[in-house]
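Asker: Got a sequence here, can you model it:
(2 chains)
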Amino acid sequence: MAEVTMRIWRGDASGGEFAAYTLAQNEGEVVLDVVHRIQATEAPDLACRWNCKAGKCGSCSAEINGKPRLMCMTRMDSLPEGPVTVAPMRTFPIVRDLVTDVSFNFVRAQQVPALLPPPMPEGGYVMFQEDVERGQEFRKCIECFMCQDVCHVIRDHEDNKRHYAGPRFFIRYAELEMHPLDQNDRREYVREEMGLGYCNITKCCTEVCPEHIKITDNAIIPLKERVVDAHYDPIAWLGRAIRRKKKASAADAAVQPTP
Amino acid sequence: MTDTYEHHDYDVLIIGAGGAGLRAAIEAKQRGLSVALVTKSLLGKAHTVMAEGGMAAALGNVYPEDNWQVHFRDTMRGGKYLNNYRMAELHAKEAPDRVLELEQWGALFDRTPSGKILQRDFGGHRYARLAHVGDRTGLELIRTLQQKVVSMGTDVFMECKVLRLVHDASGKAAGAVAYWRATGEFVTFAAKAVVLATGGAGKSWKFTSNSWECTGDGHAMALWAGARLIDMECVQFHPTGMVWPLSVRGLLVTEGVRGDGGVLRNAEGKRFMFDYVAPMFRAETAESEDEGDRWYEDHSAGRRPPELLPRDEVARAINTEVKAGRGSPHGGVFLDIASRRTPEFIRRRLPSMYHQFMELAGVDITREAMEIGPTCHYFMGGVQVDADSAATAVPGLFAAGEVAGGMHGANRLGGNSLSDLVVFGRRAGMGAADWVESGEAATSMDSSEVEAAVAAALAPFERESGENPYDVHHDLQEMMQANVGIIRTQSELDEAKERLVELAERVARVRVTGGRAYNPGWNLATDLPSMITVSRCVTEGARRRTESRGGHTREDFPTADERLGTLNFAQSCPDGTWDGEYRIEESPLLAMPAELKALLEEAH
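Answerer: Have a look, this model is predicted:
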């Protein structure tokens, strides 16, 4: 039977190294299966996150042979012959082994000003398929955070995390911006507070999205256009100046992160 | 105690952050209470995310003749009348409002041409009733509720695993003891009310659609805390799980494939389901392929095809075909939508199924049939609750969603789970809030219970020798799959009972190596007592229910028994220990009011 060697990063915040495990390769297995077999035999304390094992929950993101991928959806037989390297996502702090601290994303989620719909009419809202479809594309997001991992704005620039929400949240803002019911205006907030301008549309996020969401083309670029329209429109500028005085901007409506 | 461990005080502690837990949190927060939402995974990863086909609610958007009465009837018939009728009634009446409110929070369901929420056909539902988003409805539900919960400023404790519920001196629920997965440090929560929303327990079986989380923690903790579990023998084996490759065996294939026109064929190419229509469903099931095909276009032009019988019927039929040697190469049967719908239709309606088969099995479902077979999917049984308030027998303890029993009787209809989560999640939040406001809630925690739970959790580190928890888990799964699977018989159940005694002894001896920080071996070791508890209850319930009904099929008692159809088996654990004695007793069904009974008797 064919064997495979897995080089898996082991360690914690204080440091670590790749450990090699050689084991039999079974037909049809994905990377997560092999990691599980290592856990069940040689290394019961090997830390990795996973839940659904079906590409639906976005828990098992890792860098496989240097590329961000879901371990549960990466077939072993799709990888080139030779050792397979599995490392944690680099953009987030290490907890242990393949598990990273992704709390950055949950803090950013708390800062999204909520949907503001009109009162619901009797029998429910009327929305047409063509109007919900754009938002539906973005709501396919499984929050694997691989787009965040690969985004060079924050991948190698820790400081930028303070000013930048990242592609996952730009599709969230785009979704709300295009939501047929939403009455909130987050355009200035996305520009000023969430750092939309840092993104220079290199499309790395789109390339790694396991849900094949066209993050750059369908979310970020249209969002940038809307934000620019709002920002440089003199009437909008005047309105903004007045609103600022009233302290009624969307930023004020944002929920502050809980400690 | 508060000096020893990290400690938090809340009005309401909610354990589990799937659909039910999230919905309960929203309700309790809206009542102005402080709420802790504790989940053993990250927020948004709970098993709800895997639900595919839709959520059932009699909105009447596609078939205006649909209403709550028909939904109630379908649910009771699907459950083989073992349901808590009041839960089925509340569910049918309230589900439409729960679906509509999701749109206020941002959900984007697929639409009808007139801009209403589109509804799809599913097994056992008389009308197209499932609100959905392609085949990723669970993701839409969990994300919508998660975003709402976060926008309300709820305190969420992620990757925090609850070990035991804690009482006060008088036996009321007073909180829980847990540990952080990231550090292995313990944490205590004192709360006036506790809501269990921990989901299911399929991880005791080898072939299951469930994720690692579904270890029955809530079922077990409720039993240990003094609540009763009912209908534990009623486990749903979903008819269509993947069977190949082996590494994905059990992974769910949505019922939506059949709702959208897919049919089941055996190795001879025959649509065998026409041979398996039970008398109870004959009047409403098509007699020919032509009639069934007409029904997809217009439900008044024919009766529904037999592929859309309730799940228990379809799963048993597949099992019989495979046993008779008419199965597919890898021990399943064929699910064929490729020959019946266009590739465009399939990719639009079933995008994640297309993706799942293409990536994991190398099968293009727009060109080839899928190989599928039954997979352990859902627990109808669970904590016995009051339908209106979700209250359990333990004062201050509430349960909602899959961990609660009664709503689905002996068999759940597809689509009734997501609606169950929001209907009873909300009611559990209301019940908990009412209890907090009643002023009767516990005010202190029994610290000896905390210490006992911590000691039990740490014991595996202290053993000099002992087994790897993965080996014990593996053997438990093999044993339950072999002896307490889809078709049961007395001798195998007796063997399971004996083997569970041995497995419990092995669990008590497992040894864990490494540290406490994010140690999955240790995490599994702390899940094993729950899995043993649930397995024991399923086995004992299955031994006692000497009939076949819904998800519980006895080879040696192949028909339904009239007397057993009037009662639930309720199990309890008098001494509160996972490896102690459990008690099982008959618990009569609630008496149904005449006007509801009349709905069941109406000819359709």
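Asker: how would you label residue 11: helix, strand or coil?
Answerer: This is for chain A. strand (DSSP: H, G, I helix; E, B strand; the rest coil).
Asker: my bad, chain B
Answerer: strand.
Asker: give me the number of residues near the residue of chain A found nearest chain B?
Answerer: Residue of chain A nearest chain B, by C-beta to the nearest C-beta: residue A:28 (2.4 Å). Every C-beta, even on glycine, is put in place using the N, C-alpha and C of the backbone. Residue neighbour count, defined by other C-beta atoms under 10 Å in any protein chain shown, stands at 17 for residue A:28.
Asker: isn't it right up against residue B:242?
Answerer: No - here residue A:28 does not reach residue B:242: they are 10.4 Å apart, not a contact under C-beta atoms under 8 Å.
Asker: From residue B:340, how far off is residue B:260?
Answerer: Computed as C-beta to C-beta, to the nearest Å, the residue B:260 to residue B:340 distance reads 9 Å.
Asker: quick one: which of those two has more around it?
Answerer: residue B:260 (22 against 14).
Asker: Hmm, residue B:342 and that one touching each other?
Answerer: No - applying C-beta under 8 Å as the test, residue B:260 and residue B:342 come out as separate, 11.5 Å apart.
Asker: residue ranges for the strands of chain A, please.
Answerer: Using DSSP state E, the strands of chain A run over A:3-12, A:15-24, A:61-64, A:67-70, A:84-87, A:94-96, A:99-100.
Asker: quick one: low-confidence parts of the stretch 401-550 of chain B?
Answerer: For the stretch 401-550 of chain B, no stretch has pLDDT under 70.
Asker: need the residues of it near chain A, please.
Answerer: Counting by C-beta under 8 Å from any C-beta of the partner chain, the stretch 401-550 of chain B comes close to chain A at B:468-471, B:474, B:512-515, B:517-522.
Asker: which residues do residue A:28 and residue B:242 both contact?
Answerer: B:248, B:360, B:361 (C-beta atoms under 8 Å, 6 or more residues apart in numbering or on different chains).
Asker: where does the chain have low pLDDT?
Answerer: You didn't say which chain, so I picked chain A. A:1, A:236-237, A:239-259.
Asker: that's the wrong chain, I wanted chain B
Answerer: In chain B, residues with pLDDT under 70: B:1-3, B:603-604.
Asker: For it, which residue gets nearest to chain A?
Answerer: residue B:245 (2.4 Å).
Asker: So what's the residue count around that residue?
Answerer: With other C-beta under 10 Å as criterion, residue B:245 counts 19.
Asker: can you give me the helices in the stretch 151-259 of chain A?
Answerer: Counting by DSSP state H, counting those that start in this stretch, the stretch 151-259 of chain A has helices at residues A:152-155, A:167-177, A:187-192, A:204-208, A:221-232, A:234-246, A:250-253.
Asker: any idea which of these is most buried?
Answerer: For those, average neighbour numbers computed from mean count of other C-beta atoms under 10 Å in any protein chain shown are highest in helix A:167-177, which has a mean of 25.
Asker: So what's the gap between that helix and the chain middle?
Answerer: 11 Å (C-alpha atoms, centre = their mean, to the nearest Å).
Asker: How is the chain divided into domains?
Answerer: Let's take chain A. With domains defined by automatic domain parsing, chain A comprises A:3-100, A:103-253.
Asker: oops, chain B please
Answerer: According to automatic domain parsing, the ranges for chain B are B:6-236+B:377-444, B:241-376, B:448-588.
Asker: Pick the most buried one from the ones you listed.
Answerer: domain B:6-236+B:377-444 (a mean of 25).
Asker: That one spans what distance, first to last residue?
Answerer: 16 Å (C-alpha to C-alpha, to the nearest Å).
Asker: what residue is smack in the middle of chain A?
Answerer: Centroid-nearest residue in chain A: residue A:145, 3.0 Å away (criterion: C-alpha atoms, centre = their mean).
Asker: Quick one: residues contacting that residue.
Answerer: Residue A:145 touches A:58, A:61, A:89, A:92, A:102, A:105, A:168, counting by C-beta under 8 Å, 6+ apart.
Asker: cool, residue B:155 as well?
Answerer: A:258, B:10, B:34, B:35, B:36, B:37 are the contacts of residue B:155 under C-beta under 8 Å, 6+ apart.
Asker: how about these, which pair is most distant?
Answerer: The distance between the two most remote of the contacts of residue B:155 (C-beta to C-beta) is 12.9 Å, for A:258 and B:10.
Asker: Number of residues surrounding residue A:3?
Answerer: 8.
Asker: just the CA coordinates of the helix or strand harbouring residue B:290, formatted as CSV?
Answerer: Using DSSP states H and E, residue B:290 falls within helix B:289-297. Extracted C-alpha coordinates of helix B:289-297, given in CSV (Å, rounded to 0.1, in the frame of the first residue of the first chain):
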residue,chain,number,x,y,z
GLU,B,289,-44.0,6.6,-12.4
ASP,B,290,-46.2,8.7,-14.7
GLU,B,291,-48.5,9.7,-11.9
GLY,B,292,-45.5,10.6,-9.7
ASP,B,293,-43.9,12.6,-12.4
ARG,B,294,-47.1,14.6,-13.0
TRP,B,295,-47.2,15.5,-9.3
TYR,B,296,-43.9,17.5,-9.5
GLU,B,297,-45.5,19.9,-11.9
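Asker: How far does it sit from its chain's centre?
Answerer: With C-alpha atoms, centre = their mean, you get 31 Å for helix B:289-297.
Asker: could you point out which element follows it?
Answerer: That would be, after helix B:289-297 and using DSSP H and E, helix B:311-323.
Asker: any chance of the domains of chain A in JSON lines, plus distance to residue B:111?
Answerer: What follows is those, written out as JSON lines (distance: least, C-beta to C-beta, whole Å):
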{"stretch": "domain A:3-100", "distance to residue B:111": "23"}
{"stretch": "domain A:103-253", "distance to residue B:111": "4"}
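Asker: Dihedrals phi and psi, residue B:65?
Answerer: phi -70, psi -10 (degrees, to the nearest 10).
Asker: For it, give me its contacts.
Answerer: Counting by C-beta under 8 Å, 6+ apart, residue B:65 has contacts residue B:127.
Asker: And residue B:289, by the same measure?
Answerer: Contacts of residue B:289 (C-beta under 8 Å, 6+ apart): B:271, B:274, B:305.
Asker: Between those, which sits nearest residue B:255?
Answerer: Among those, and counting by C-beta to C-beta, the member closest to residue B:255 is residue B:305, at 12.8 Å.
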